[in-house]
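K.L.:
Predicted model and sequence follow; I will ask about them next.
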Amino acid sequence: MTDPAGGVKEIDASVLDIDAEAATDEIVSALRSHVGSMRRRGAVVAVSGGIDSSVTVALAARAFGPDRTLALLMPEVDSDDDTLGLSRSVTDAVGVRTVVEEIVPLLAAAGCYERRDAAVREVVPEYGEGWKFKIVLPSVLGTDAFRLFSVVAQSPTGETVEARLPPAQYLTIVAATNFKQRVRKMLEYFHADRLNYAVIGTPNRLEYDQGFFVKLGDGAADVKPIAHLYKTQVYALAEYLGIPESVRSRPPTTDTYSLPQGQDEFYFSLPYHEMDLCLYAHNHDLPPEAVAGAVGLSPEDVRRVYDDIEQKRRTTRYLHLAPQLVEPDASIE
Amino acid sequence: MENKIREFLANNFFLGDDPSQLNGSSSLIEAGVIDSTGVLELVGFLEEDFEIRIDDEDLVPENLDSVDNIVHFVERKRAA
């Protein structure tokens, strides 16, 4: 994109402005159409107290009515203390039916915590009772270095240990932690099956595009009604839909590890405002110079973010794939 | 050493039956041979099999993004 003088035309945050009312109407219509075509009569939404699930449950309530929308609240031991209260503030505001599922016994029975902690202990031998941890990635900014995950563990007295994760331990920690998303999804489908409802997924565009979900966990759903919206736009919808301020002002978190973990230290290169703009610019084939000013980065760093976007698309492509067949079966397509 | 590295790449990243076909100067990332988890596995393999310690500042494409770069990097590390 160039301006009339021949230079690069810069974008600003207004490119993500949306008409919240029109966007809501479009999504509500699509939800009714998709779920109706599946011969399902309502919606199950897992609500986490985050912005995406809050907007999704509000949209489902508009599409199917609060009495045909079931919100599932499924905190576990590593969830933030505020998770349940924030979730209830949303379901109260939207007026939907709510079920709290205790998933800790299921997770413990599957070995989620035990397998995960054993892998952490292989890297941090002193890790044990009362310790907390998270896994983190270095920033993409300022360097072209490959980024490897580290574990950050904190003792009960507050001392912090950080160590790079070898592949076996990294993969085991992620695999064990993925039980959380998969157990939640199993319960979502239990309720959907007993009520003849559809399961509504909650990924926003950043998460969907960049593969920030667990295959057959939070990646599984019958409809994903906000997967086309940048996170900034999800916040705009949240305000329009009357999501409580306490949820709208909460920084995005994975709410998955025992130490607080921002999404931008675990997965995305930048906080969501800037990540949205970079993804928008990259999707519109704009050069780094067009968005650098808006996100406060050098064009070189924006180029690194673009590269990271492409790398994540390659790495997570398989998460989007349906099971592959040797021969497509045209009779059921 | 180069053959061992090629064998590792071939065995772990589905390059086919003949690891010698991999161009020594091609970017492994850009060619789609390895992804971020692959880099993690590559680093683990090099540290274990060649008994070297790869520090964070070593994790750059100039050291790890092609067969030639990896060979030269390991040689430098072992000589240090």
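P.N.:
Yep, it's here.
K.L.:
how about the helices in the stretch 101-250 of chain A?
P.N.:
Assigned by DSSP state H, counting those that start in this stretch, the helices in the stretch 101-250 of chain A fall at A:104-110, A:112-123, A:167-195, A:205-210, A:231-241, A:245-248.
K.L.:
tell me which helix or strand of chain A sits lowest on mean pLDDT?
P.N.:
Lowest mean confidence among the helices and strands of chain A (mean pLDDT, DSSP states H and E): helix A:263-266, at a mean of 67.
K.L.:
Show me what the helix or strand just after it is packed up against.
P.N.:
Next helix or strand after helix A:263-266 toward the C-terminus (DSSP states H and E): helix A:272-283. In this structure, helix A:272-283 packs against helix A:205-210, helix A:231-241, helix A:263-266, helix A:288-295, helix A:299-315, with contacts taken as 3 or more Cβ pairs under 8 Å, 6 or more residues apart in numbering or on different chains; DSSP states H and E. Glycine gets a C-beta too; all of them are placed from N, C-alpha and C.
K.L.:
Among those helices, which comes closest to chain B?
P.N.:
Chain B lies closest to helix A:299-315 among those, at 4.3 Å (Cβ to the nearest Cβ).
K.L.:
In that closest one, which of the residues would be classed as buried?
P.N.:
A:301-309, A:311-312, A:315 (16 or more other Cβ atoms under 10 Å in any protein chain shown).
K.L.:
So A:A13 versus A:P252, what's the distance?
P.N.:
Here the criterion is Cβ to Cβ, to the nearest Å. By it, A:A13 lies 17 Å from A:P252.
K.L.:
Pick out whichever of those two has more residues nearby.
P.N.:
More crowded of A:A13 and A:P252, by other Cβ atoms under 10 Å in any protein chain shown: A:P252, with 17 against 14.
K.L.:
which residues touch that one?
P.N.:
A:50-51, A:231, A:262-263, A:272 (Cβ atoms under 8 Å, 6 or more residues apart in numbering or on different chains).
K.L.:
Make JSON lines from these and add neighbour count and distance to A:Q324 to it.
P.N.:
Below are the contacts of A:P252 laid out as JSON lines (neighbours: other Cβ atoms under 10 Å in any protein chain shown; distance: Cβ to Cβ, whole Å):
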{"residue": "A:G50", "neighbour count": "24", "distance to A:Q324": "32"}
{"residue": "A:I51", "neighbour count": "24", "distance to A:Q324": "34"}
{"residue": "A:K231", "neighbour count": "24", "distance to A:Q324": "31"}
{"residue": "A:G262", "neighbour count": "16", "distance to A:Q324": "35"}
{"residue": "A:Q263", "neighbour count": "20", "distance to A:Q324": "30"}
{"residue": "A:Y272", "neighbour count": "22", "distance to A:Q324": "33"}
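K.L.:
can you list contacts of stretch A:146-161?
P.N.:
For stretch A:146-161, using Cβ under 8 Å, 6+ apart, the contacting residues are A:120, A:123-124, A:126-127, A:129-138, A:140, A:162-165, A:169-170, A:173, A:259, B:36, B:39-40, B:43, B:56, B:59-61, B:64.
K.L.:
Next, A:E327: secondary structure please.
P.N.:
At A:E327 the chain is in coil, as set by DSSP: H, G, I helix; E, B strand; the rest coil.
K.L.:
Show me what the host helix or strand of A:V28 is packed up against.
P.N.:
Counting by DSSP H and E, the element that carries A:V28 is helix A:20-37. Applying 3+ Cβ pairs under 8 Å, 6+ apart, we find helix A:20-37 packed against helix A:51-64, helix A:231-241.
K.L.:
most packed of the ones you listed?
P.N.:
Stretch with highest mean neighbour count among those: helix A:51-64 (a mean of 26; mean count of other Cβ atoms under 10 Å in any protein chain shown).
K.L.:
Following the chain onward from it, which element is next?
P.N.:
strand A:69-73.
K.L.:
Just the buried residues of stretch A:75-95, please?
P.N.:
A:75-76, A:78-79, A:82-84, A:86-91, A:93-94.
K.L.:
out of these, who's nearest chain B?
P.N.:
A:D78 (23.3 Å).
K.L.:
which element is that closest one on?
P.N.:
Using DSSP H and E, no helix or strand contains A:D78.
K.L.:
which ones are touching it?
P.N.:
A:255-258.
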